[in-house]
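>>> no FASTA, just this:
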C-alpha cells in the first residue's frame with residue numbers, strides 16, 4: 001500500500017503501557033519502520049519492569065518521532081488515552097491512533113486505518129474483529145463469546161451501529177477529539193472505549209469499521225479484570241440514560 005505523496009498529515013500513535021518490557025522494544029521498532037512517518041507516544045504508568053527505560057534508550061534513535069509521558073502509578077486505560085489526546089491536540093497532530101502494546105493489534109494495520117480516514121470521508125476508523133465474522137486468534141471460546149456479545153449488548157441498549165463496540169484499535173481525525181469534552185469522559189476501563197465511540201456517534205461524526213485479525217498476546221500479562229467488565233456492563237446503561245436526559249453537544253471551546 002503506497003501513501004499519497006501530496007498528503008502531509010501528522011500521525012500520532014498512542015500506546016498506554018504497564019509492565020510491557022517483553023513487547024515494548026519490538027513494538028517501537030515496528031511502528032518506526034512503517035511507511036508514512038508515524039510518530040509514537042508511550043504513556044507509561046510507572047511500570048516497575050523498566051518499560052519506560054527502554055523507551056528512553058530508543059529515543060536517541062528516533063528523537064523527533066518517539067515520545068514518552070511517565071505517570072506515577074497505574075491510573076487506568078481511559079485516563080492514559082485522555083492524557084495522550086490532549087498532548088496530541090496541543091501539538092496539532094491531524095490523526096491520532098489508539099493501539100495496544102502486546103501485538104494483539106498488528107501495527108501494519110495502522111496504515112489501513114489511516115487510509116480509511118485520510119480523505120475525511122470518515123472521522124473515526126475502528127479496527128474491527130467482528131465486521132467480517134469473528135476474527136480472533138488464540139482467545140478461549142468463553143472470552144470470544146463475552147467480547148462478541150458485549151458488542152451485541154451495547155447495540156441493543158444504545159443503538160450504536162458498530163459491530164465491535166469494545167475495540168481499542170482506532171484512528172481519530174483531530175476534529176473528533178476537539179469536539180468531545182474530554183474532561184467529562186467518565187470511564188477508565190473498557191467502558192472508556194464504548195463511551196468514546198458512543199459520544200463520537202452522538203455528536204454526528206462519521207464512523208467506519210476496518211476488518212482486522214486480532215491475535216491474543218504471547219508475551220506479558222493481560223490487564224483484563226472483573227471490575228473492568230462490570231464497569232462496561234453498567235456503564236452502557238448509564239450512557240443511554242445520560243443521552244436521553246442530556247443531549248450530546250460539540251465542545252465549543254475548541255475550533256473544529
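Happy to help now that I have it. Owing to the predicted nature of the structure, the values given are computational and were not obtained by experimental measurement. Numbering: from 1, shown residues only.
>>> skip ahead from the helix or strand harbouring residue 197 and say which helix or strand is next.
Here residue 197 sits within helix 190-202, counting by DSSP states H and E. Downstream of helix 190-202, the first helix or strand assigned by DSSP H and E is strand 207-211.
>>> give me the contact list for that following strand.
Strand 207-211 is touched from outside by 109, 112-113, 116-117, 121-128, 131-132, 135, 162-164, 197, 200-201, with contacts defined as Cβ atoms under 8 Å, 6 or more residues apart in numbering. C-beta coordinates here come from the backbone N, C-alpha and C atoms, glycine included.
>>> burial of residue 240, as a residue count?
Neighbour count for residue 240, taken as other Cβ atoms under 10 Å: 16.
>>> just checking, what packs against the helix or strand it falls within?
For residue 240, the element it lies in under DSSP H and E is helix 226-245. Counting contacts by 3 or more Cβ pairs under 8 Å, 6 or more residues apart in numbering; DSSP states H and E, helix 226-245 packs against helix 141-158, helix 190-202.
>>> residues contacting residue 136?
Per Cβ under 8 Å, 6+ apart, neighbours of residue 136: 129, 144, 147, 213-216.
>>> got those as a markdown table, with secondary structure and pLDDT columns?
Formatted as a markdown table, those follow (DSSP: H, G, I helix; E, B strand; the rest coil; pLDDT from 0 to 100):
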| residue | secondary structure | pLDDT |
| --- | --- | --- |
| 129 | coil | 93 |
| 144 | helix | 82 |
| 147 | helix | 84 |
| 213 | coil | 94 |
| 214 | strand | 92 |
| 215 | strand | 90 |
| 216 | coil | 83 |
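>>> redo those as a markdown table? Include distance to residue 39 and neighbour count.
Compiled in a markdown table, the contacts of residue 136 are given as follows (distance: Cβ to Cβ, whole Å; neighbours: other Cβ atoms under 10 Å):
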| residue | distance to residue 39 | neighbour count |
| --- | --- | --- |
| 129 | 26 | 27 |
| 144 | 33 | 16 |
| 147 | 30 | 20 |
| 213 | 25 | 14 |
| 214 | 24 | 25 |
| 215 | 24 | 16 |
| 216 | 27 | 15 |
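>>> need those residues in TSV with distance to residue 100, can you?
Formatted as TSV, the contacts of residue 136 follow (distance: Cβ to Cβ, whole Å):
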residue	distance to residue 100
129	13
144	17
147	14
213	14
214	10
215	11
216	11
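>>> between those residues, which is nearest residue 191?
Proximity of these to residue 191 (Cβ to Cβ) peaks at residue 147, which lies at 13.6 Å.
>>> now do the helices in the stretch 1-150 of the chain.
Taking DSSP state H, counting those that start in this stretch as the test, the helices found in the stretch 1-150 of the chain are 21-32, 51-59, 77-90, 109-117, 141-158.
>>> what angle sits between the longest one and helix 226-245?
When you say that, I think you mean helix 141-158. Orientation check (axes from the mean of the first three to the mean of the last three Cα atoms, to 10 degrees): helix 141-158 against helix 226-245 gives 10 degrees.
>>> the second one too?
Between helix 51-59 and helix 226-245, the angle comes out at 80 degrees (the same axes, to 10 degrees).
>>> list the contacts for residue 99?
13-15, 105, 107, 110, 168-169.
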